[in-house]
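fold the following and give me the result.
(one chain, ligands or ions: 1)
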Amino acid sequence: MNFRCYMPTEILFGPGTLSKLHEKTLPGRSALVVTTAGKSVKRLGYLDRLLGELSRGGAAAAVYDKVSPNPTRNNVMEGAALARQAGCDFLVALGGGSAIDAAKGIAVMAVNDGDCWDYVRDGSGKGLPLEHRPLPVIAVPTTAGTGSESDAGCVISYPERNEKVSFGTPWSFPVMSVVDPELMVSVPPTLTAYQGFDVWAHAVECYLSKAANPPSDINALDAIRRVVRSLPRAVEHGADLEARTDMAWASTQAGFCLTYSGLTAQHSLEHSLSGWYPGLTHGAGLILLSRAYLRRCARYDAYRQRLLDICQAMGVEHPNDPMALLPELEKLLKRCGVADITMSQFGIRRETLPKVAEMAYDRRFANERARMSVAEALEILEQSYA
Ligand SMILES: [Fe+2]
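Predicted coordinates:
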């Protein structure tokens, strides 16, 4: 057994922790607060509270509030220009994964010249080495989903090229994450469900992955148990702080899994799909693919024991058939009200699927225990289409 385990982010976890931020030593004197273009962080007073905390902590702050639901290359370049102009020496992301990922990208481009696609290693990126280490980032997630609060991942889209790629660097871990479930109680039910299935998919894929290891496994199975126990409650009763707290920790745990282990082809397929169709929410894309993806895994013996372990984490007492996972997944989807979503509902056209499959092929495919060809990837997309 050989593995590397590295997670440098300080995590302040629990209801009310945002109010403790000013007590911490901040990583700089001048922050760029990065948040989404949506109005909720302002309407709910989260932005003012964060600015108050930064001010009490002795830091000046500028605000970049134009991040798209799928953060784009333009967001990164625009935010980086503002960070340079305002002389910022650290970033604070407030929002869901999109705000956190955008902040991680801005942190790179605020101190490195050129275009961010010069440094991207996937797609049409040039893969150049960074000249300077990114600025430090504090993450304040307002959703339980991406795990971006506890990993170095950063997903950025280039809509003009239909690309959605990973832009994380070894230095892209947040220096600190303030995971305060009180900031998550107002997420609407459907979004809560989509984001919760992102957590589920991170944990499931990292557990099935060839890169899995003991620290990832223990967090993955625990995150799956928490999602099954608490996601339907969080969807049904948004203000249920216990359920939100459980989901917030599941998201952070699944982020540890992303760091320790690695995702599989299901995420590559989803990124390719939502790269083509930016209106597709990441978690919804994962839901659409999940049944066919798991059916494909169940065809191979290499996944058998791991699928049985996941069945058990999902509540099956003595599983002996990996396919038992399918009805458990269906039950969870139904309880969260998202069992009936379809690709066509998101405007996805069947004739584009071959291209989506081809563009999905990236290094995550190497984490499949049974090698997946582009033809098999296309089969998953085809089977998921309705
Ligand atoms: Fe994800």
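
pairing partners for the helix or strand of the chain with the lowest mean pLDDT, with directions?
Ranked by mean pLDDT, DSSP states H and E, the weakest helix or strand in the chain is strand 163-166, scoring a mean of 86. Sheet pairing of strand 163-166 (DSSP bridges) gives strand 155-158 (antiparallel).

low-confidence ranges, the protein, go.
Within the chain, no range satisfies pLDDT under 70.

what about residue 298, neighbour count?
Counted with other C-beta atoms under 10 Å, the neighbours of residue 298 add up to 17. Where you see a C-beta, it was placed from the backbone N, CA and C, and this is true even at glycine.

quick one: contacts for it?
304, 307, 322-323, 325-326 (C-beta atoms under 8 Å, 6 or more residues apart in numbering).

what of residue 299?
By C-beta under 8 Å, 6+ apart, residue 299 lies in contact with residue 370.

tell me the strands beside the helix or strand just after the least confident helix or strand of the chain, with direction?
Later in the chain than strand 163-166, the nearest helix or strand by DSSP states H and E is strand 176-179. Counting by DSSP bridges, the strands paired with strand 176-179 are strand 10-13 (parallel), strand 137-141 (parallel).

can you check which of those gets nearest to residue 239?
strand 137-141 (18.0 Å; C-beta to C-beta).

need the residues that contact the helix or strand containing residue 273.
Assigned by DSSP H and E, residue 273 belongs to helix 265-276. Here helix 265-276 makes contact (C-beta under 8 Å, 6+ apart) with 70, 155, 157, 162-165, 201, 205, 280-282, 285-286, 288-290, 293, 348, 352, 355-357, 359-362, 364-365, 367-368, 372, 377, 380-381.

hang on, the earlier thing: of the contacts of residue 298, buried ones?
307, 322, 325-326 (16 or more other C-beta atoms under 10 Å).

closest to residue 146 among these?
residue 325 (23.2 Å).

quick one on the thing from earlier: which one of the contacts of residue 298 is nearest residue 54?
residue 325 (44.8 Å).

ok, back up a step: please identify the buried residues of the very next helix or strand once past the helix holding residue 273?
Once the chain leaves helix 265-276, the next helix or strand it forms, by DSSP H and E, is helix 282-298. For helix 282-298, a neighbour-count test (16+ other C-beta under 10 Å) marks 282-298 as buried.

all the helices of the stretch 1-150 of the chain, in order from the start?
40-43, 46-56, 73-85, 97-109 (DSSP state H, counting those that start in this stretch).

need the ones you listed in CSV with distance to residue 245 and mean neighbour count, can you?
Shown next, in CSV, are the helices of the stretch 1-150 of the chain (distance: least, C-beta to C-beta, whole Å; neighbours: other C-beta atoms under 10 Å):
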stretch, distance to residue 245, mean neighbour count
helix 40-43, 20, 15
helix 46-56, 17, 18
helix 73-85, 30, 20
helix 97-109, 19, 30
